[in-house]
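> Make a model of this:
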Amino acid sequence: MTYLDAEQARRVYDRIGRLQDTQRFYENPALDVLVTRGRFGDAHAVVEVGCGTGTLAARLLGRELPADAQLVGVDLSPRMAALARGRVAGFGGRAGIELGDAAERIPVADGWADRVVSAYVLDLLPPERAAAVVAEAARALAPGGLLCLASLTTGHGAAARLLASAWSRLWALRPQLVGGCRPSDLLPLLAGPAWHVESAEVVTTLAVGSQVVIARRTE
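Just a heads-up that it's a prediction; the model follows:
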């Protein structure tokens with residue numbers, strides 16, 4: 001299989017920049033489910049892995065989180081990190097955006113977070129790097145904290161299955177054409193004793209399938 005390495009992914013997303021926001025038509029319905037299931041109204045320390053342009057971070061800080069909550073976003077792409085900093089600048093010290101590779105380290109202390117969220121990131125990564133991000137999320141979360149994930153997957157219905165198959169073939173041919181992302185399944189990443197899966201569902205919007213998974217840190 002063909003996956004983008006970290007440097008290739010950095011270049012792709014530096015080039016994409018604000019165009020990433022054009023994906024909101026299928027991402028937003030899934031993110032609505034993620035925010036509801038993730039109970040962000042009770043969260044006070046949030047990490048977003050792969051914060052992109054900062055759209056979700058700004059939504060969480062402005063509409064979903066308590067007024068005293070803090071959010072740390074991390075992204076591999078310098079351009080994305082810069083865009084995210086601009087989008088959350090109005091939240092002052094409540095928001096911090098870091099440039100870094102979450103597969104190597106999430107830039108918070110052990111057990112600092114009560115939520116780690118990552119939307120449309122793990123479907124970009126090779127399995128071993130996705131597993132490393134999940135392991136870092138376990139380190140960053142306090143026991144009982146929630147890992148809130150959204151990813152491309154195969155949606156419901158014939159049209160969705162056809163689209164997912166075509167997307168996977170295009171990814172195998174040249175992953176840069178689809179931003180390195182492909183339909184995937186998050187649940188195998190959460191099979192270990194550190195996680196209890198609280199909910200897992202597929203949201204299909206205009207034949208694009210998204211998997212939304214909420215897992216609680218058990219140890």
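> Tell me where the longest strand sits in this protein.
strand 141-153 (DSSP state E).
> Check which strands are paired with it and give the direction for each one.
Applying DSSP bridges, strand 141-153 is found paired with strand 113-119 (parallel), strand 208-217 (antiparallel).
> Can you check the pLDDT for the residue of the chain most remote from its centre?
Residue farthest from the centre of the chain, counting by C-alpha atoms, centre = their mean, is A158 at 26.4 Å. pLDDT for A158: 96.
> Contacts only, for it.
Residues counted as contacts of A158 (C-beta atoms under 8 Å, 6 or more residues apart in numbering): none. C-betas here are computed from N, CA, C, even on glycine.
> State the distance from it to V212.
22 Å (C-beta to C-beta, to the nearest Å).
> The lowest-mean-pLDDT helix or strand in the chain packs against which elements?
Among the helices and strands of the chain, helix 6-16 carries the lowest confidence by mean pLDDT, DSSP states H and E, at a mean of 84. Contacts defined by 3 or more C-beta pairs under 8 Å, 6 or more residues apart in numbering; DSSP states H and E place helix 6-16 against helix 78-88.
> before we move on, back to that, list the buried residues for the least confident helix or strand of the chain?
A9, R10, V12, Y13, I16 (16 or more other C-beta atoms under 10 Å).
> I'd say the last one and G179 touch.
Meaning I16. Yes - between I16 and G179 there is a contact under C-beta atoms under 8 Å: 6.5 Å.
> Not including adjacent chain positions, what is the nearest residue to G86?
Leaving out its chain neighbours, the residue that sits closest to G86 by C-beta to C-beta, 6 or more residues apart in numbering is G54, at 7.2 Å.
> Ignore what I typed, I meant A172.
Distances taken as C-beta to C-beta, 6+ apart place T2 nearest to A172, at 6.1 Å, with adjacent residues excluded.
> got it, and V203?
A30 (4.4 Å).
> Then A69?
Closest residue in space to A69, ignoring its immediate chain neighbours: H44 at 4.8 Å, by C-beta to C-beta, 6+ apart.
> And the strands in this protein?
Using DSSP E, strands in the chain cover 45-49, 70-75, 95-99, 113-119, 141-153, 195-205, 208-217.
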